[in-house]
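>>> For reference, the sequence and a predicted model appear below.
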Amino acid sequence: MAGFWRRGDVRLALIIIVLLAVVVVLYVRADGLRLPSLNSDSQPGFYKVEQFVDGDTISVNMNGGTEIIRMIGVDTPETHRPNTPVQCYGTNAAEYTKSLIGTHSVRLEADPLNTNRDRYNRLLRYVYLPDGTLLESKLISEGYGFAYTSFPMVKASEFQALEDGAKQAGRGLWGACQITTLPNGIRQTNSAD
């Protein structure tokens, strides 16, 4: 049997065993001997929602701190802007966002064409539900918000097509509200009063 293993084969086998041992030790240290969970709420990249600010803004617990997340590509009617009344369908949009997320954590994704933060220092992110649904797509397609495509982003044409479908079908704010376009191109709904 001694002739079966050549000196080079033994060294290679030892190197492989040592590397496997290092990988196992690093895995055990990093994961605390826990097996990966099938529950997506606890997987890396998912963050617990701490507060629902309005239809297009949430705050999440990110690595022990709170980050305000402004959803990329959607603009829902206002509910909390200073000196602005609650707008038509604003409360509906906020409640719809809250109902879709529920108590689940969300996955956040940056857009390679967009900036990391907006002028209010909020993180700009696509927000995915645990089942993989893109929240912005749901808000736009169901008429809870406008496609907000005045900034570069990879999903601009997709979001515009979803808005066109909601508008043609009269879904949500498209059938319930008076819509005006401001000189800067931002659209808004009338007051909810």
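In hand now; what should we look at? Numbering: from 1, shown residues only.
>>> Asn92 is in contact with Tyr144, isn't it?
Yes - with contact defined as Cβ atoms under 8 Å, Asn92 counts as touching Tyr144 (6.4 Å). All C-beta atoms are positioned from the backbone trio N, CA, C, and that covers glycine.
>>> Out of these two, name the residue with the larger neighbour count.
Using other Cβ atoms under 10 Å, the more surrounded residue of Asn92 and Tyr144 is Tyr144, with 26 against 21.
>>> What residues does that one make contact with?
Shown in contact with Tyr144 (Cβ atoms under 8 Å, 6 or more residues apart in numbering): Gly55, Thr76, Tyr89, Asn92, Ala93, Tyr96, Thr97, Lys138, Gly172, Leu173.
>>> State whether the last one and Ile140 are indeed in contact, as I suppose.
The reference is to Leu173. No - Leu173 lies out of contact with Ile140 (Cβ under 8 Å); the separation is 10.5 Å.
>>> quick revisit: any residues in contact with both of Asn92 and Tyr144?
Common neighbours of Asn92 and Tyr144 (Cβ under 8 Å, 6+ apart) are Gly55, Gly172, Leu173.
>>> how far away is the spatially most central residue of the chain from Ser157?
Nearest to the mean C-alpha position of the chain, by Cα atoms, centre = their mean, lies Val127 at 1.3 Å. Per Cβ to Cβ, to the nearest Å, Val127 is found 19 Å from Ser157.
>>> Gly64 now?
37 Å.
>>> who has more neighbours, the two?
With neighbours defined as other Cβ under 10 Å, Gly64 and Ser157 compare such that Ser157 has more, 11 against 5.
>>> pLDDT wise, what is Val24 at?
With respect to pLDDT, Val24 has a value of 63.
>>> same thing with Met1?
At Met1, the model reports a pLDDT of 45.
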